[in-house]
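Q: The following block contains a protein sequence and its predicted model.
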Amino acid sequence: MRQIVLDTETTGLDWRNGDRVIEIGCVELMNRSLTGRHYHVFINPGRGIDAEAVAVHGITEEFLADKPKFGEIAVGFEDFVRDAELIIHNASFDVGFLDYELDLLGRSKLGQLCAGVIDTLRMAKEQNPGKKASLDALCDRYEIDNAHRTLHGALLDAELLAEVYLAMTRGQESLIMALEDEDARGDADVAGGLIERRPQKVLRASETELAAHHDVLAGIAKANKGLCLWLPPEQESTAA
């Protein structure tokens, strides 16, 4: 199972207003383990950056002046995330921006490129209704060290989110392992012919029990004008 934990930074809050992606950070999970592979890139958006956004991530227009445009990094990004399940905090935000960038280039959106999306913000709200669900709050809840996070950064946030996701779903891991163990045992039993079934004792009704059962059915048939699904047709007429 290949999963990609993904985060972006942008010029503002809404791609519908022309805001663009300026940073993408991804880390790879394989069978719930960090592989050490990551994807990280800064992008020249070709437009200004809102002052409020700079205050959050600290990325300036001057810093991005010599960075590639999205069209130059699109293939590398697609190759890294293709066919993987994406794990994103507040997924609608990042997916909206990335789909907008891909659509501007006439390329397939994430829904066609990837195997699916897990939104950890929604997951956190479902697991702990009414509690804070920001990435910082989840790091505190699961005792993940985020002291080095003074500003938002796509790669750093993706790394923290990977740890948060693994902590949030730790119980699922043990369930999966248990199911795999059961399957393995079942296969071994069938393959090796080791299944032994105890002979089952069959208890048959006595003549007295059969007579009492017939009387009950006859009473049902009589109450329903001779109709009883559990009596043969010839006995239904007798019961009527």
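A: That came in fine, so what should we check first?
Q: Which parts of the chain are strands?
A: Counting by DSSP state E, one finds strands in the chain at the ranges 2-10, 21-30, 33-42, 85-88, 116-119.
Q: Name all residues that make contact with Glu207.
A: Applying Cβ atoms under 8 Å, 6 or more residues apart in numbering to Glu207 gives no contacts. (Each C-beta comes from the backbone N, C-alpha and C, glycine too.)
Q: per-residue confidence at it?
A: At Glu207, the pLDDT value in this model is 83.
Q: Please report how far the residue most central in space within the chain lies from Asn44.
A: Nearest to the mean C-alpha position of the chain, counting by Cα atoms, centre = their mean, stands Ile118 at 4.2 Å. According to Cβ to Cβ, to the nearest Å, Ile118 and Asn44 sit 30 Å apart.
Q: any weak-confidence spans in the protein?
A: 150, 172-203, 224-240 (pLDDT under 70).
Q: again, only this time at 50
A: Low-confidence segments of the chain, defined by pLDDT under 50, span residues 174-180, 184, 186-195.
Q: domain parsing for it?
A: What automatic domain parsing lists as the domains of the chain is 2-171, 207-239.
Q: highest average neighbour count across the ones you listed?
A: Sort these by mean neighbour count, taking mean count of other Cβ atoms under 10 Å, and domain 2-171 sits at the top with a mean of 17.
Q: from the middle of its chain, how far away would it be?
A: Put simply, domain 2-171 sits 16 Å off its chain's centre (Cα atoms, centre = their mean, to the nearest Å).
Q: Now do the residue nearest to Gln127 when sequence neighbours are not counted against Asp215, distance only.
A: Spatial nearest neighbour of Gln127, excluding adjacent residues (Cβ to Cβ, 6 or more residues apart in numbering): Met168 at 6.8 Å. Distance from Met168 to Asp215, counting by Cβ to Cβ: 61 Å.
Q: what does Glu72 give?
A: Counting by Cβ to Cβ, the gap from Glu72 to Asp215 is 87 Å.
Q: Was I right to think Leu13 contacts Asp19?
A: Yes: at 6.7 Å, Leu13 and Asp19 qualify as touching, with contact defined as Cβ atoms under 8 Å.
Q: picking up where we left off before, of all the strands of the chain, which lies closest to Tyr100?
A: Tyr100 lies closest to strand 21-30 among the strands of the chain, at 8.2 Å (Cβ to Cβ).
Q: now that closest one and strand 2-10, what's the angle there?
A: Calculated by axes from the mean of the first three to the mean of the last three Cα atoms, to 10 degrees, strand 21-30 forms an angle of 160 degrees with strand 2-10.
Q: so what secondary structure elements neighbour strand 21-30?
A: Where contact means 3 or more Cβ pairs under 8 Å, 6 or more residues apart in numbering; DSSP states H and E, strand 21-30 is packed against strand 2-10, strand 33-42, helix 70-81, helix 91-104, helix 154-168.
Q: Figure out which of those is closest to His148.
A: His148 lies closest, by Cβ to Cβ, to one member of these: helix 154-168, at 7.5 Å.
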